[in-house]
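Chemist: After the sequence you'll find the predicted model.
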Amino acid sequence: DTEVTQTPKHLVMGMTNKKSLKCEQHMGHRAMYWYKQKAKKPPELMFVYSYEKLSINESVPSRFSPECPNSSLLNLHLHALQPEDSALYLCASSQRWGWEQYFGPGTRLTVT
Amino acid sequence: AQRVTQPEKLLSVFKGAPVELKCNYSYSGSPELFWYVQYSRQRLQLLLRHISRESIKGFTADLNKGETSFHLKKPFAQEEDSAMYYCALIVRSQGGSEKLVFGKGTKLTVNP
């Protein structure tokens, strides 16, 4: 398996909902990332996990809560989001932190 | 400041014409640069990395430290090259953290 997978592909949630995004890779990569991408903009880094430890939090609001249960899995827990949080959420992985990254297809999130 | 500049938001060429997508960077250390491509409705894909000096899909990019540039070139553009192209730089902080910083992207359209 040489891809990063993300589920769900699309998610619509209300501002009071709690939902989770899931990312998985089986390439043996030890660094995983969450990005947010607004339409026609480049990806913006949110979090970096290296060897299952949170290494970077780019001052992301606490309504986004990342979790790395094991070296293959990365979750992003969402709670009390705002409409401006609507975006494409991308997961990426790399063999090591700082090496070239491979991206998943993203989850398109709409907050109503 | 560490940044990546892609001066052209949009670039349009005809099929068979040469194409050059510009990328300039500002970085105090030794740069590690990448080109990523995002085709319509597809995931962000790694196209080139400067350290490998390879040619992918006919594209090449040479790092010019004197001009702080990493322009992407292809001698004969094809319609399937139409996509959004992002230049990216790995930025390392003194604290040991590393992150991928993207330029704003250039949307390439190859006309028949």
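Modeler: Right, received. Where do you want to start?
Chemist: What is the longest strand of chain B by residue count?
Modeler: strand B:83-92 (DSSP state E).
Chemist: Can you name the next helix or strand after that strand?
Modeler: strand B:98-102 (DSSP states H and E).
Chemist: any idea of the angle that next one forms with strand B:83-92?
Modeler: 150 degrees (axes from the mean of the first three to the mean of the last three C-alpha atoms, to 10 degrees).
Chemist: Kindly spell out which helices and strands sit in contact with strand B:98-102.
Modeler: Contacts defined by 3 or more C-beta pairs under 8 Å, 6 or more residues apart in numbering or on different chains; DSSP states H and E place strand B:98-102 against strand A:44-50, strand B:3-5, strand B:83-92. For every residue, glycine as well, the C-beta is placed using N, CA and C.
Chemist: Figure out which of these is closest to residue B:30.
Modeler: Proximity to residue B:30 (C-beta to C-beta) singles out strand B:83-92 among the helices and strands packed on strand B:98-102, at 9.3 Å.
Chemist: Tell me which residues are up against the closest one.
Modeler: With C-beta atoms under 8 Å, 6 or more residues apart in numbering or on different chains as the test, strand B:83-92 has contacts from A:42, A:98, B:2-4, B:6, B:21, B:23, B:25, B:27, B:29, B:31-40, B:44, B:47, B:70, B:72, B:98-103, B:105-108.
Chemist: which of those count as buried?
Modeler: Among the contacts of strand B:83-92, those buried by neighbour count (16 or more other C-beta atoms under 10 Å in any protein chain shown) are A:42, A:98, B:2, B:4, B:6, B:21, B:23, B:25, B:27, B:31-38, B:44, B:47, B:70, B:72, B:98-103, B:105-108.
Chemist: coming back round to it: quick one: the helices and strands packed on strand B:98-102 as TSV, columns for mean pLDDT too.
Modeler: As requested, the helices and strands packed on strand B:98-102 are exported to TSV (pLDDT from 0 to 100):
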stretch	mean pLDDT
strand A:44-50	94
strand B:3-5	95
strand B:83-92	93
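Chemist: ranking those strands by burial, who's on top?
Modeler: strand B:83-92 (a mean of 22; mean count of other C-beta atoms under 10 Å in any protein chain shown).
Chemist: quick revisit: which one of the helices and strands packed on strand B:98-102 lies nearest to residue A:8?
Modeler: It is, among those and with distance given as C-beta to C-beta, strand A:44-50, at 18.1 Å.
Chemist: partner strands of the helix or strand that the closest one is followed by, parallel or antiparallel?
Modeler: Remark: after strand A:44-50, the chain's next helix or strand is strand A:53-57, criterion DSSP H and E. Using DSSP bridges, the strands paired with strand A:53-57 in its sheet are strand A:44-50 (antiparallel).
Chemist: any residues touching the partner strand, and which ones?
Modeler: With C-beta under 8 Å, 6+ apart, strand A:44-50 has contacts from A:30-38, A:54-58, A:60, A:64, A:66, A:68, A:74, A:76, A:96-97, B:97, B:99-100.
Chemist: Just the strands from chain A, written as ranges.
Modeler: In chain A, strands defined by DSSP E lie at A:4-7, A:10-13, A:18-25, A:31-37, A:44-50, A:53-57, A:64-70, A:73-79, A:87-94, A:102-103, A:107-111, listed in chain order.
Chemist: Point out the residues in chain B that sit beside chain A.
Modeler: By C-beta under 8 Å from any C-beta of the partner chain, the residues of chain B that approach chain A are B:34, B:36, B:42-46, B:49, B:86, B:90, B:92, B:97-100, B:102-105.
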